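[1] after the sequence you'll find the predicted model.
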Amino acid sequence: MPIELALLVLNALFCLAFPWVYNWSYGRQVGGKRLMGNRDNLPERQGLAARGLRAHQNHLENLVPFAIIILVAYAIGISNTVTVACAVVFTIARFAHAGFYFAGITRLPGINGVRSIAYFVSLFAMLIFALQLFGT
């Protein structure tokens, strides 16, 4: 399996893991039995439960175009050092983004907006990968 496809699968599995974390946290917030029903009239998510849901939504929003780019590249036979590097950078940046989001970290010593930086790194990696599809 090409590295790019393996990283796509890893990102998909990572995406599947998000609800385990934020729903566990939400269950602790509202009581696990309340989550087994239809979830009408539940209180708003707080803390990790809210951040985790937003991180999951953000990952999904980025996973769809990443998947399309990876699958098109595979279908037309494009795989090179740039595509591999971009897929690796995308994956690392998405893991960092999720970690910062879940932990509520917005700043590291001397660096503001670390979550946004991780997002933009993943976005640029995806765009550079996409350029490879057009032979540039």
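    Looks like it arrived, so ask away.
[2] where does the protein have low pLDDT?
    Across the chain, the ranges flagged by pLDDT under 70 are 136.
[3] any idea how far the most centrally placed residue in the chain is from Tyr119?
    The chain has His59 as the residue nearest its centroid, 3.1 Å off, counting by CA atoms, centre = their mean. Taking CB to CB, to the nearest Å as the measure, His59 and Tyr119 are separated by 10 Å. Yep, even glycine has a C-beta here, placed from its N, CA and C like the rest.
[4] now the common contact residues for those two.
    His97 (CB atoms under 8 Å, 6 or more residues apart in numbering).
[5] helices or strands next to the helix or strand hosting Leu5 in the packing?
    Leu5 belongs to helix 3-30 when assigned by DSSP states H and E. Judged by 3 or more CB pairs under 8 Å, 6 or more residues apart in numbering; DSSP states H and E, helix 3-30 is in contact with helix 32-35, helix 47-75, helix 81-103.
[6] change it to 6 Å
    Packing partners of helix 3-30 (3 or more CB pairs under 6 Å, 6 or more residues apart in numbering; DSSP states H and E): helix 47-75, helix 81-103.
[7] distance to Ile128 for those - can I get that in TSV?
    Putting those into TSV (distance: least, CB to CB, whole Å) gives the following:
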stretch	distance to Ile128
helix 47-75	10
helix 81-103	5
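[8] please name whichever of those helices is nearest to Val9.
    helix 47-75 (9.7 Å; CB to CB).
[9] re earlier: quick check: buried residues in the helix holding Leu5?
    For helix 3-30, a neighbour-count test (16 or more other CB atoms under 10 Å) marks 4-5, 7-8, 11, 14-15, 18, 21-23, 25-26, 29-30 as buried.
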